[in-house]
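S.K.: The sequence and its predicted three-dimensional model are supplied below.
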Amino acid sequence: MYYQTKYILRLFFWKRICIYIICSVLLFVFSKKEFKKILFFTLVFFSASVFGGRSLM
């Protein structure tokens, strides 16, 4: 059971990193005018995923 929860936590961690990388790539794709808007969205989305992962546990 202990190893199972550890594995689940690791899965959530990697999912979060993948989402963050995708958002970072989107930052470069969009124009600099949109940069602040996308950055704000990325921060909100990333923090939401972090707190979402915590509440699930």
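M.R.: Received it, and whenever you're ready, just let me know what you need.

S.K.: The helix ranked longest in the chain: which residues count as buried?
M.R.: Under DSSP state H, the helix in the chain containing the largest number of residues is helix 2-29. Neighbour counts using 16 or more other CB atoms under 10 Å place 12, 23 of helix 2-29 among the buried residues. For glycine as for every other residue, the C-beta is placed from the backbone atoms N, C-alpha and C.

S.K.: From here on, call the first residue 59.
M.R.: All right, first residue 59 from here; so that's helix 60-87.

S.K.: what's the average pLDDT for the helix or strand following that helix?
M.R.: The element immediately downstream of helix 60-87 (helix or strand, assigned by DSSP states H and E) is helix 93-114. Helix 93-114 shows a mean pLDDT of 73.

S.K.: Could you do stretch 66-84 as well?
M.R.: Stretch 66-84 comes out at a mean pLDDT of 81.

S.K.: Might you calculate how far that stretch sits from the centre of the chain?
M.R.: A distance of 5 Å separates the centroid of the chain from that of stretch 66-84, by CA atoms, centre = their mean, to the nearest Å.

S.K.: again, but for stretch 65-78
M.R.: The chain centroid and the centroid of stretch 65-78 are separated by 8 Å under CA atoms, centre = their mean.

S.K.: same thing with stretch 100-109?
M.R.: 6 Å.

S.K.: For residue 106, the count of nearby residues, please.
M.R.: Taking other CB atoms under 10 Å as the criterion, the count of residues near residue 106 is 10.
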